[in-house]
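Engineer: any chance you can model this:
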Amino acid sequence: MNHLWLLASLLAFFDLALGACECGYAISNKNEKVVFTDLLESDFVHLDITDRSGEYGRYGWAAQVFNKSMDDARGPYGETFTLQNVVSKNIADIKVFNEPGEKGGEAGAHLVVGSEIVDGMVTTSEIATTDLHFFYGTFRAAMKVTEVAGTCSAFFWYFNDTQEIDIEFLSAQFNKDNGTFPVNLVLQSSESSEAGFDASSTKDFKRVNLPFDPTADFHEYRFDYLEKEVIFRADGKELARMTGSSVPTEPGHLLLSHWSNGNPGWSRGPPKTDATTTVGYVKAYFNSSMDSRRADFVSRCTNPTAEGAFCDVPDNDPTYFFTYRQNMTNNQTTYLDDENAGGYVGLWWSFMLGATLASSAWAIGL
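Structural biologist: Presented below is the predicted three-dimensional model:
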């Protein structure tokens with residue numbers, strides 16, 4: 001495979017509106033292009049992830065159902081994650097993005113935290129990818145965060161409690177009067193574990209004030225998980241970089257969560273009224289940990305010098321999906337409703353959790 005990357009290092013990257021992307025999807029990091037070989041694009045404006053008429057995780061995601069005791073939740077209340085608190089309000093017409101969902105309200109996946117306590121628990125919501133082979137990659141979510149105080153909205157990557165990448169919004173921290181809207185950026189690590197999972201006292205925690213109100217509209221929140229660093233961004237602009245031993249070293253999966261447990265040091269709450277955070281999309285461009293996916297890449301990327309072999313990933317574009325364009329996701333990890341894909345024949349992949357072979361993010365010097 002080395003000869004492929006020797007050729008790739010000489011490649012001049014093109015603006016590839018019609019490219020086939022056989023050799024992957026590229027982002028810029030300082031003076032390098034970093035290439036990822038697989039993708040999962042989830043357009044929640046048009047997908048109904050609550051549709052349980054088909055197989056589990058039909059679109060690569062599944063609503064989570066479980067309880068956390070008060071002790072496990074580390075708050076005065078437990079948490080109960082329910083199917084009912086995940087609501088898809090999708091638009092059937094794949095060409096329409098800026099209209100309400102057909103069930104009313106803003107289109108997207110609605111993650112709800114209830115105001116009523118049930119058996120000592122707050123009703124909460126979470127969705128997670130059903131595959132666990134997401135390694136180095138660039139991961140983006142369009143979110144409109146609740147303005148109701150007393151919840152935590154989170155977009156994160158997870159392997160275990162000491163290898164985790166978090167973007168978390170605490171609605172009680174928002175102050176519309178003075179325009180203060182912080183986001184909490186976290187690498188959960190062995191250091192945070194030793195601190196009782198209070199990462200705020202570790203070097204891998206940063207609270208950054210956003211230059212906009214995250215409750216007023218959708219914005220793209222992103223983390224680039226690379227071999228030696230994690231870079232956090234909002235609407236394409238860098239917020240923080242974290243390096244060192246806390247950078248994860250294993251493959252994991254993606255989650256979106258909205259919860260509260262009354263902990264006065266974090267989520268606070270519970271909210272006084274039902275609270276909703278809405279997700280417009282998740283776009284994941286990544287290297288798979290699975291040997292079968294690496295072998296597929298080698299067979300697919302036969303000419304990395306060809307025009308269109310690599311595709312640059314657009315920043316902060318809510319309507320651009322490679323999956324909706326002809327011939328740009330062949331033999332890729334895609335989950336789409338074939339009937340809505342505008343003629344695109346989706347390639348559906350069913351995976352069992354495979355080997356966790358390390359899959360580096362290939363850097364191509366400019």
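Engineer: could you list the low-pLDDT ranges of the stretch 51-200 of the chain?
Structural biologist: 53-55, 192-197 (pLDDT under 70).
Engineer: okay, strands next: where are they in it?
Structural biologist: Listed in chain order, the strands of the stretch 51-200 of the chain (DSSP state E, counting those that start in this stretch) span 61-63, 66-68, 78-81, 86-89, 108-113, 117-118, 121-129, 134-144, 152-160, 163-170, 182-188.
Engineer: tell me which strands and helices the fifth one is in contact with?
Structural biologist: When contacts are defined as 3 or more CB pairs under 8 Å, 6 or more residues apart in numbering; DSSP states H and E, strand 108-113 sits against strand 86-89, strand 121-129, strand 253-259, strand 275-288. Placement of C-beta: from N, CA and C, glycine included.
Engineer: how far does whatever helix or strand residue 295 lives in sit from its chain's centre?
Structural biologist: Secondary structure assignment for residue 295, by DSSP states H and E: helix 291-300. The chain centroid and the centroid of helix 291-300 are separated by 23 Å under CA atoms, centre = their mean, to the nearest Å.
Engineer: ok and it relative to strand 275-288, angle-wise?
Structural biologist: Here the directions of helix 291-300 and strand 275-288 differ by 60 degrees (axes from the mean of the first three to the mean of the last three CA atoms, to 10 degrees).
Engineer: check which element follows helix 291-300 along the chain.
Structural biologist: strand 310-312.
Engineer: and that following strand, which strands flank it?
Structural biologist: strand 24-29 (parallel) (DSSP bridges).
Engineer: what's the closest of the strands of the stretch 51-200 of the chain to residue 227?
Structural biologist: When the strands of the stretch 51-200 of the chain are compared by CB to CB, strand 134-144 sits nearest residue 227, at 6.1 Å.
Engineer: so which elements touch that closest one?
Structural biologist: Partner elements for strand 134-144 (3+ CB pairs under 8 Å, 6+ apart): strand 32-36, strand 152-160, strand 219-225, strand 253-259, strand 275-288.
Engineer: take these and lay them out in JSON lines including distance to residue 71 and mean neighbour count.
Structural biologist: Output for the helices and strands packed on strand 134-144, formatted as JSON lines (distance: least, CB to CB, whole Å; neighbours: other CB atoms under 10 Å):
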{"stretch": "strand 32-36", "distance to residue 71": "39", "mean neighbour count": "22"}
{"stretch": "strand 152-160", "distance to residue 71": "18", "mean neighbour count": "22"}
{"stretch": "strand 219-225", "distance to residue 71": "30", "mean neighbour count": "23"}
{"stretch": "strand 253-259", "distance to residue 71": "16", "mean neighbour count": "24"}
{"stretch": "strand 275-288", "distance to residue 71": "24", "mean neighbour count": "25"}
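Engineer: which stretch among those strands comes nearest residue 112?
Structural biologist: strand 275-288 (5.2 Å).
Engineer: the closest one: how far from the chain's middle?
Structural biologist: 4 Å.
Engineer: quick check: angle from that strand to strand 219-225?
Structural biologist: Going by the same axes, to 10 degrees, strand 275-288 makes 30 degrees with strand 219-225.
Engineer: distance to residue 316 for the helices and strands packed on strand 108-113 - can I get that in TSV?
Structural biologist: Output for the helices and strands packed on strand 108-113, formatted as TSV (distance: least, CB to CB, whole Å):
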stretch	distance to residue 316
strand 86-89	22
strand 121-129	22
strand 253-259	18
strand 275-288	10
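Engineer: to residue 144, which of the ones you listed lies closest?
Structural biologist: Proximity to residue 144 (CB to CB) singles out strand 275-288 among the helices and strands packed on strand 108-113, at 4.6 Å.
Engineer: quick one, the closest one and strand 134-144 angle?
Structural biologist: Between strand 275-288 and strand 134-144, the angle comes out at 150 degrees (the same axes, to 10 degrees).
Engineer: quick one: average pLDDT of strand 275-288?
Structural biologist: Mean pLDDT, strand 275-288: 97.
Engineer: dig out what the closest residue to residue 255 other than its chain neighbours forms beta bridges with.
Structural biologist: Among residues not flanking residue 255 along the chain, residue 128 sits closest, at 4.4 Å (CB to CB, 6 or more residues apart in numbering). Beta bridges link residue 128 to residue 62, residue 255 when assigned by DSSP bridges.
Engineer: do the same with residue 26
Structural biologist: Partner residues in beta bridges with residue 26, using DSSP bridges, are residue 35, residue 312.
Engineer: thinking again about what came up before, mind putting the strands of the stretch 51-200 of the chain into JSON lines with distance to residue 44?
Structural biologist: Output for the strands of the stretch 51-200 of the chain, formatted as JSON lines (distance: least, CB to CB, whole Å):
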{"stretch": "strand 61-63", "distance to residue 44": "9"}
{"stretch": "strand 66-68", "distance to residue 44": "22"}
{"stretch": "strand 78-81", "distance to residue 44": "18"}
{"stretch": "strand 86-89", "distance to residue 44": "7"}
{"stretch": "strand 108-113", "distance to residue 44": "4"}
{"stretch": "strand 117-118", "distance to residue 44": "26"}
{"stretch": "strand 121-129", "distance to residue 44": "9"}
{"stretch": "strand 134-144", "distance to residue 44": "8"}
{"stretch": "strand 152-160", "distance to residue 44": "13"}
{"stretch": "strand 163-170", "distance to residue 44": "17"}
{"stretch": "strand 182-188", "distance to residue 44": "20"}
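Engineer: return the most buried member of the ones you listed.
Structural biologist: Ranked by mean neighbour count, the strands of the stretch 51-200 of the chain are led by strand 108-113 with a mean of 26 (mean count of other CB atoms under 10 Å).
Engineer: appreciated, that's everything.
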